[in-house]
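> Please find the sequence and the predicted model below.
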Amino acid sequence: MAATRRLVNTVAVITINHPPVNALSSSVRHALVEEFGKASKDPTVEAIVLNGSNGKFSAGADIREFGTSAIKTVSLEDINGTIEASQKPVVAAIEGIALGGGLELALACHYRVADIQSRVGLPEVLIGILPAAGGTQRLPRLIGIPAALDVIVRGRHIPATEALNLGIVDEVVQGSAVDAAIQLAQKVIGLPLNKRRLSTLRISSNLNMEDFLDTTVEKTKKQFRGAQAPMACIEAVRASVLLPYHRGVEKERQLFLSLWATGQPQAQQYAFFSEREAAKWSHPSGARWYSEEPKLVRTAAVIGLGTMGRGIVISLSKANIPVIAIEQDAYQLEMGKKAVNSLLEREAEKLKQQGFSPGSKLASVHFTLAFGELQDVDLVIEAVYENMELKKEIFRKLSSVCKSNAFLCTNTSGLNIDEIASVTDRPNQVIGTHFFSPANIMKLLEVVRGQQTSLTTIATAMNLGKILGKVTVLVGNCPLFVGNRMLGPYLEQASYLLEEGCYPETVDRAMEEFGFAMGPFRMMDLAGLDVGWRSRTEKGLTGANVPQGTPARKRLGNRYSPLADLLCESGRFGQKTGKGWYQYEKPGGRTARPDPWVKDFLQKYRKTHQIKQQPSNQEQIVERCVYALANEGFRILEDGIASCPEDIDVIYNNGYGWPKYRGGPMYYASFVGLPKVFNTLEKYYKANADVPSMKPAFLLKKLAAVGGPPIKEWRLQVGKPVNKL
Ligand SMILES: CCCCCCCC/C=C\C=C\CC(=O)SCCNC(=O)CCNC(=O)[C@H](O)C(C)(C)COP(=O)(O)OP(=O)(O)OC[C@H]1O[C@@H](n2cnc3c(N)ncnc32)[C@H](O)[C@@H]1OP(=O)(O)O
């Protein structure tokens, strides 16, 4: 039964029962209509409590129903209308989550009681839509326009205590929300309900409301560049000010339908489900996530307290895993300790505000210089800087100090996991954990399996990612793994565009208008240009080891752009030196301004090398950069480094500032049409045979030849995941 009913004295308790998250599918909606109908008519029932089974109120509408005919059967807004109009008081007992349609249902009830651990929210905007069962009309009537806009446009999950302060719930309890709701229901039997029916309330508004909404539109446009859902949310809230409730609901529905027509919800919902699928990892051996038990990680250690190490320590502590943090000397240890402690204080403050004792949520961090103290930890994450020899030295030490069943992880953004594992006594227990900076904030974790990494090690690292609250994707071992490997051809195209007449700000603007959080040049300035320079120098692509007579713009017969090397030779490393592709207010400054020096430098460079000026327009810039990125994604699939296109998209959506409303680079290629992507790349490559990264990947060619099937059918063409490297 999708909903059940039991009687406690004169209170009917109706329970939504649709595991795992009590999504309000068509069957649940039918069951709710039936159970409410019965409870309303039953003369022995004086009040009703609504809750969800398994400690979860509801995660809202069943997202899989959008775009199908099921969504049209029994509207949730009609159910909400019936509940609100009930002559018997209805109390929502919120446990766990009341999200989206789940909160809208609770808002239709006359009272709301929540347990202290629960979270409420209207996160529809995160899947490209807006609350469409009266939420945009009821919430502003309950908590006012500014607070409602914040909740609806940001889509965040609100902890129960904050929900109480905002006025979204009436009571927060430490114990059972259902028991408390039954008590409240008994207390309010016979009291007037008019003021509890949110749709009938008037919004307290003043003359400045229109100005306030207009300002919010402008701010939101800048913040969520290109995303349509946040704008639709504001327009729906505006309707709550200007229109009576029922016309506001009509507007909400119209906005929902016009959003659907943009294609953005479909891309964001694909991204939502792809993230969940990524956790269900598969291995070339055929093993899958359900066949392997992860080991429990009770204690962990982090080696290196630079930016990455600090973030990883915080993540572990927040997940209640006690950490030993190691540095190489007393000064570095003290610096690291200060930084970690100050971040932990901030976390503790947040917890206090949410009504929790920080001691119960944040695990201890012990700082030391002594490797010997690692003998009992279950798992170590090495997070020193990217240097193979240094990493090997540390892994040799770990191998001799750590207990034999400890797992050894390396936080690297592209070094060979097998080479690192080879110096240990347990290559099967070595794995890459590529965190993204700042590691306590960024959602993505690339878990990199080596040739000898055991399935237990994979299961443990994937499970650790989940415990840390990360979106975790398993990938194979190749230089730079998935995300950074794809950046290569993308950045290469960005540099060629400069050689041909564009400027950093033109390219960045095009990519940011496409939706990227940051264009390629601002991103390089942020990351530090010296990192890539060091790596190119080690590979002999620049510096003293380049063979005599090598043309400035060729390496091994292929096109090469030395622009970034030349900037570094002038001491321009990006934000850290106050100068890079842009100029900044000071070293470490963050505000990028176009630099006349760079303009002059580029003009002289083009003249020196007699490069024909043909600056690309916005569309051409986007095509070249994005198709180069996706093309490498196809190669990664061919090589078995990613097991499906969805994994690649999850990586880009969560680690590289790709606009989620475009689904990810592979989804976008599919959306544009694979034949078009193939033809564009083929044309470019025919004219530029010295740019091999633009040669269309074999898999792309194969899929384009059959007309570009939907992304979920690509697996059939890729075949079983095998690591060909
Ligand atoms: C003619 C057309 C008319 C159009 C009119 C339209 C009228 C529409 C009316 C109402 C609209 C309401 C809008 C909504 O309510 S949209 C949904 C809003 N809710 C959300 O966005 C919540 C999404 N879910 C989450 O954030 C998380 O899943 C969470 C609930 C917090 C649980 O997290 P966690 O414990 O980490 O578990 P998972 O994320 O792994 O989820 C477990 C499985 O449940 C599936 N899931 C989750 N939420 C939903 C959902 N809302 N619908 C369907 N399925 C859902 C998830 O995919 C996992 O599945 P699996 O185990 O198979 O991987």
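Yep, that arrived.
> Buried ones in stretch 359-374, by neighbour count?
Using 16 or more other CB atoms under 10 Å as the test for burial, stretch 359-374 gives Lys361, Leu362, Ala363, Val365, Phe367, Phe371, Leu374. All C-beta spots, glycine's among them, are computed from the backbone N, C-alpha and C.
> Could you report the separation of the closest residue to the ligand within the stretch 201-350 of the chain from Gly465?
In the stretch 201-350 of the chain, the residue that lies nearest the ligand is Arg276 (3.8 Å; CB to the nearest ligand atom). Between Arg276 and Gly465 the distance is 13 Å, computed by CB to CB, to the nearest Å.
> Who has more neighbours out of those two?
Using other CB atoms under 10 Å as the criterion, Arg276 and Gly465 rank with Gly465 on top: 23 against 11.
> give me every residue that touches that one.
Contacts for Gly465 (CB atoms under 8 Å, 6 or more residues apart in numbering) come out as Thr433, Leu445, Val447, Val471, Thr472.
> Make sure it is indeed in a helix.
Yes: judged by DSSP: H, G, I helix; E, B strand; the rest coil, Gly465 forms part of a helix.
> so how far is stretch 693-707 off the chain centroid?
Here the centre of stretch 693-707 is set off from its chain's centre by 29 Å, with CA atoms, centre = their mean, to the nearest Å.
> Contacts for that stretch, please.
Residues from elsewhere that reach stretch 693-707 (CB under 8 Å, 6+ apart): 488-489, 492-493, 627-628, 630-632, 634-635, 637-638, 669, 674-675, 677-679, 681-682, 684-685, 688, 709, 714, 717-718.
> Show me how this structure divides into domains.
3-262, 300-475, 501-608, 618-724 (automatic domain parsing).
> Apart from its chain neighbours, what residue comes closest to Ala439?
Nearest residue to Ala439, sequence neighbours excluded (CB to CB, 6 or more residues apart in numbering): Gly311, at 2.9 Å.
> contacting residues for that neighbour?
Phe435, Ser437, Pro438, Ala439, Asn440, Ile441, Met442.
> Next, format these as JSON lines and append neighbour count.
Shown next, in JSON lines, are the contacts of Gly311 (neighbours: other CB atoms under 10 Å):
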{"residue": "Phe435", "neighbour count": "26"}
{"residue": "Ser437", "neighbour count": "16"}
{"residue": "Pro438", "neighbour count": "15"}
{"residue": "Ala439", "neighbour count": "26"}
{"residue": "Asn440", "neighbour count": "20"}
{"residue": "Ile441", "neighbour count": "10"}
{"residue": "Met442", "neighbour count": "16"}
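> And those residues, which is closest to Thr577?
Nearest to Thr577 among these: Ser437, at 18.3 Å, using CB to CB.
> ok so, going back, the residue nearest to Ala439 belongs to a helix?
Yes: Gly311 sits within a helix when classified using three-state DSSP.
> Next one: it from Val471, what distance?
15 Å.
> ok, Asn194 - how many residues close by?
With other CB under 10 Å as criterion, Asn194 counts 8.
> Then Leu498?
Residues near Leu498, counting by other CB under 10 Å: 24.
> would CSV of the domains of the chain with distance to Glu293 and mean pLDDT be doable?
Formatted as CSV, those follow (distance: least, CB to CB, whole Å; pLDDT from 0 to 100):
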stretch, distance to Glu293, mean pLDDT
domain 3-262, 20, 96
domain 300-475, 6, 96
domain 501-608, 37, 96
domain 618-724, 20, 94
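> Spatially nearest residue to the residue in the stretch 601-725 of the chain that the ligand sits nearest to, not counting backbone neighbours?
Per CB to the nearest ligand atom, Glu646 is where the stretch 601-725 of the chain lies closest to the ligand, at 12.2 Å. Excluding its sequence neighbours, the residue lying closest to Glu646 (CB to CB, 6+ apart) is Ser274, at 3.9 Å.
> Count the residues that sit near that neighbour.
24.
> what's the distance between it and Tyr667?
Distance, Ser274 to Tyr667, by CB to CB: 8 Å.
> Residues in contact with both of those two, list them for me.
Asp649.
> Which member of the buried residues of stretch 359-374 is positioned nearest the ligand?
Distances from the ligand to those, taken by CB to the nearest ligand atom, are shortest for Lys361, at 17.6 Å.
> Filter the buried residues of stretch 359-374 down to just the ones in strands.
Val365, Phe367 (DSSP state E).
> Next step: the buried residues of stretch 359-374 restricted to helices.
Among these, the ones falling in helices (DSSP state H) are Lys361.
> Which members of the buried residues of stretch 359-374 are the farthest-apart pair?
Lys361 and Phe371 (29.0 Å).
> Next up, the contacts around the residue in the stretch 101-250 of the chain that the ligand sits nearest to.
Nearest residue of the stretch 101-250 of the chain to the ligand: Gly101, at 3.2 Å (CB to the nearest ligand atom). When contacts are counted by CB under 8 Å, 6+ apart, Gly101 touches Leu24, Ser58, Gly60, Ala61, Leu76, Pro131, Ala133, Gly135.
> beta partners of the fourth one?
Note on Ala61: beta-bridge partners by DSSP bridges are Leu24.
> okay, now it: neighbour count?
Neighbour tally, Ala61, other CB under 10 Å: 26.
> next one: the last one
Other residues within reach of Gly135, judged by other CB under 10 Å, total 32.
> Of the contacts of stretch 693-707, keep whichever come out buried.
Buried members of the contacts of stretch 693-707, counted by 16+ other CB under 10 Å: 488-489, 492-493, 627-628, 630-632, 634-635, 637-638, 669, 674, 677-678, 681-682, 684-685, 714, 718.
> for the stretch 101-250 of the chain, what spans make up the helices?
Assigned by DSSP state H, counting those that start in this stretch, the helices in the stretch 101-250 of the chain fall at 101-108, 135-143, 145-154, 160-166, 177-188, 209-223, 229-242, 245-262.
> From the contact counts, what lies against the fourth one?
Under the contact criterion of 3 or more CB pairs under 8 Å, 6 or more residues apart in numbering; DSSP states H and E, the helices and strands touching helix 160-166 comprise strand 111-115, strand 119-121, strand 171-173.
> Using the three-state scheme, assign Arg5.
Under three-state DSSP, Arg5 falls in the strand class.
> tell me which parts of the stretch 201-350 of the chain are close to the ligand?
Residues of the stretch 201-350 of the chain lying near the ligand by CB under 6 Å from any ligand atom: Arg253, Phe256, Phe273, Arg276.
> between these, which has the most around it?
Neighbour max across those (other CB under 10 Å) = Phe256, 21 neighbours.
> hang on, that residue packs against Pro131?
No: if you go by CB atoms under 8 Å, Phe256 and Pro131 don't touch, sitting 9.0 Å apart.
> picking up where we left off before, can I get the buried residues of stretch 359-374 in CSV with distance to Ala229?
Supplementary listing: the buried residues of stretch 359-374 in CSV, determined by distance: CB to CB, whole Å:
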residue, distance to Ala229
Lys361, 32
Leu362, 34
Ala363, 37
Val365, 39
Phe367, 44
Phe371, 50
Leu374, 47
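> neighbours around Lys554, how many?
The local packing of Lys554 (other CB under 10 Å) involves 12 other residues.
> can you pull up the bridge partners for it?
Applying DSSP bridges to Lys554 gives these bridge partners: Arg559.
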